[in-house]
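In: coordinates only, sequence not included:
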């Protein structure tokens, strides 16, 4: 598997491809296809051997916050199709990454891939057993299916973010990091106020690979203050 540059650009410039509307294809599908064909991160991810353009998001987040270190134990929640899992293996090392998704996901060399619902308490034991110890990093690129209603989408994705952070606060090693996708909106402030005392540093990062029109950003909470008692 060849690897492209992991620099912050992560993509080159290509001549724009125009997609003609085909019979039976919705205009929204045509717009999606044209966006995919003209997205430099899609092409760059394919060239580098990553399963999704989202791999560049994690690379860029790590370039800014420096949380993925060799030997650290990583859990990737809602991992399918596996782009973040691939990056985690590259940076943390083989045998240090457990990925879980409710959907079936193809194996990732160097990682343990589980199928299950991360909100099911029974999944916790499976993850920790495979990891062999408390995770140092918990990743979540989970987002609810969008409805087109901005506030509804925000609340549904915030619920997944909260689930990831709650999992982190229960299992994360002291000093650990959680990275989770959020959509910008009003419910964020209350959630941040609740978890702020639990971490040394909390910030939001929007990587370059995140589309400008997307409301997504990433919560990066570092230095977990685990209660030893």
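Out: Sure thing, it's come through. All values derive from a computational prediction rather than experimental measurement. Numbers count the residues shown, from 1 in each chain.

In: What is the burial count for residue 120?
Out: The local packing count at residue 120 equals 11, with neighbours defined by other CB atoms under 10 Å. C-beta: built from backbone N, CA, C; applies to glycine.

In: what's near enough to touch the closest residue in space to residue 95 that isn't next to it in sequence?
Out: Taking CB to CB, 6 or more residues apart in numbering as the measure, residue 95 lies nearest to residue 110, with 6.7 Å between them; neighbours along the chain are not counted. Residues near residue 110 by CB atoms under 8 Å, 6 or more residues apart in numbering: 89, 93-95, 97.

In: Repeat the analysis, applying 7 Å as the threshold.
Out: With contact taken as CB atoms under 7 Å, 6 or more residues apart in numbering, residue 110 is in contact with 89, 94-95, 97.

In: among those, which are in helices?
Out: In helices, defined here by DSSP state H, the members of these are residue 89.

In: Just the closest of the contacts of residue 110 to residue 163, please.
Out: Within these, proximity to residue 163 (CB to CB) peaks at residue 97, which comes in at 19.7 Å.

In: Show the contacting residues for the spatially closest residue to that closest one that is not a sequence neighbour.
Out: Distances taken as CB to CB, 6+ apart place residue 111 nearest to residue 97, at 4.1 Å, with adjacent residues excluded. The neighbourhood of residue 111, defined by CB under 7 Å, 6+ apart, consists of 85, 89, 97-99.
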